[in-house]
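> only the shape, not the letters, is given here:
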């Protein structure tokens, strides 16, 4: 499976972002891609803490998703995008990752479970957490598990995705830069790949506030393709044989002595 991660800097101008993402996806035409992953906040950036994300939120059939469906059909690829989704009852919007198939149909959506109430930031003041559930989607023989940004810091959540058969993690991210934060980003993405013997696809925002460093990490923790701090397209080929070989060499999943706990709920 050939994948592309789009690293970009978004703004709080939704129309401008929509045009920018359309152009970036147009630039991938002819690359033979099966999967494209966009960063968190690519529809509309978080902006400053007092920025009203409710006013910017769109429904799943809004203009940004409509643009992504057109582009997915044009590319003949699955596109994983991100929106601030309008709440059905008028509450704070959801932080939502959406998956669109090559036919332009919405395959699934994941509403971020773990909001970034950390490092002095309170995402829950502006957004609603999604229901506590894992979301996977099958793409070209691989099962993709969806994580969004801060979810990466919760290994038990990633393991639940693997228990549902995930062999790839897609991680749209707006990873805020700061002391040791870039190091955390790479360390955690590689750790989730190593401990679960999966590919990890980290598609990140870049620019003034964010760390960038989008990367594809293989099941042995090797960064096989990556970006720096600027706009970039990160392209890599994923191999099912590489996953099988990694799990044979490092059978940590098979060797687990603690699995699901009777009576426990997700």
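Noted; the coordinates are in hand. The model shown is predicted, which means the values in this text are computed figures rather than measured ones.
> just the buried residues of stretch 246-264, please?
Residues of stretch 246-264 classed as buried: 246-247, 250 (neighbour count, 16 or more other C-beta atoms under 10 Å). The C-beta positions use only the backbone N, C-alpha and C, and glycine is treated the same way.
> next: stretch 79-94.
Quick answer for stretch 79-94 (16+ other C-beta under 10 Å): 79-87, 92-94.
> widest-spaced pair of these?
79 and 92 (25.7 Å; C-beta to C-beta).
> so, low pLDDT: which residues of the stretch 51-200 of the chain?
Nowhere does the stretch 51-200 of the chain drop to pLDDT under 70.
> quick one, helices of it?
53-56, 63-75, 155-163, 181-196 (DSSP state H, counting those that start in this stretch).
> the residue lying closest to residue 168 once chain neighbours are set aside and residue 115, how far apart?
The shortest distance from residue 168 to any non-neighbouring residue, by C-beta to C-beta, 6 or more residues apart in numbering, is to residue 199 (4.5 Å). The gap separating residue 199 from residue 115 is 26 Å, by C-beta to C-beta, to the nearest Å.
> over to residue 255?
33 Å.
> also residue 222?
31 Å.
> picking that back up, mind putting the helices of the stretch 51-200 of the chain into a markdown table with distance to residue 14 and mean neighbour count?
As requested, the helices of the stretch 51-200 of the chain are exported to a markdown table (distance: least, C-beta to C-beta, whole Å; neighbours: other C-beta atoms under 10 Å):
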| stretch | distance to residue 14 | mean neighbour count |
| --- | --- | --- |
| helix 53-56 | 6 | 15 |
| helix 63-75 | 7 | 19 |
| helix 155-163 | 29 | 18 |
| helix 181-196 | 26 | 19 |
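> residue 236: which of those is closest?
Among the helices of the stretch 51-200 of the chain, if distance is taken as C-beta to C-beta, the winner is helix 181-196, at 12.8 Å.
> what's near enough to touch residue 77?
By C-beta atoms under 8 Å, 6 or more residues apart in numbering, the residues touching residue 77 are 28, 33-36, 102.
> could you check how many residues crowd around the nearest residue to it once chain neighbours are set aside?
Spatial nearest neighbour of residue 77, excluding adjacent residues (C-beta to C-beta, 6+ apart): residue 33 at 4.5 Å. Using other C-beta atoms under 10 Å, residue 33 has 21 other residues around it.
> next one: residue 33, what pLDDT does it get?
Model confidence at residue 33, given as pLDDT, is 98.
> before we move on, what about residue 264?
43.
> for residue 129, give me its contacts.
Contacts of residue 129 (C-beta under 8 Å, 6+ apart): 111-115.
> top of these by neighbour count?
residue 112 (25 neighbours).
> residue 65 is in contact with residue 98, correct?
Yes - using C-beta atoms under 8 Å, residue 98 makes contact with residue 65 at a distance of 6.3 Å.
> residues shared between the contacts of the two?
81, 83, 106.
> specify the beta-bridge partners of the closest residue to the last one other than its chain neighbours.
What it means is residue 106. Spatial nearest neighbour of residue 106, excluding adjacent residues (C-beta to C-beta, 6+ apart): residue 100 at 5.7 Å. As for beta bridges, residue 100 partners with residue 79, residue 106 under DSSP bridges.
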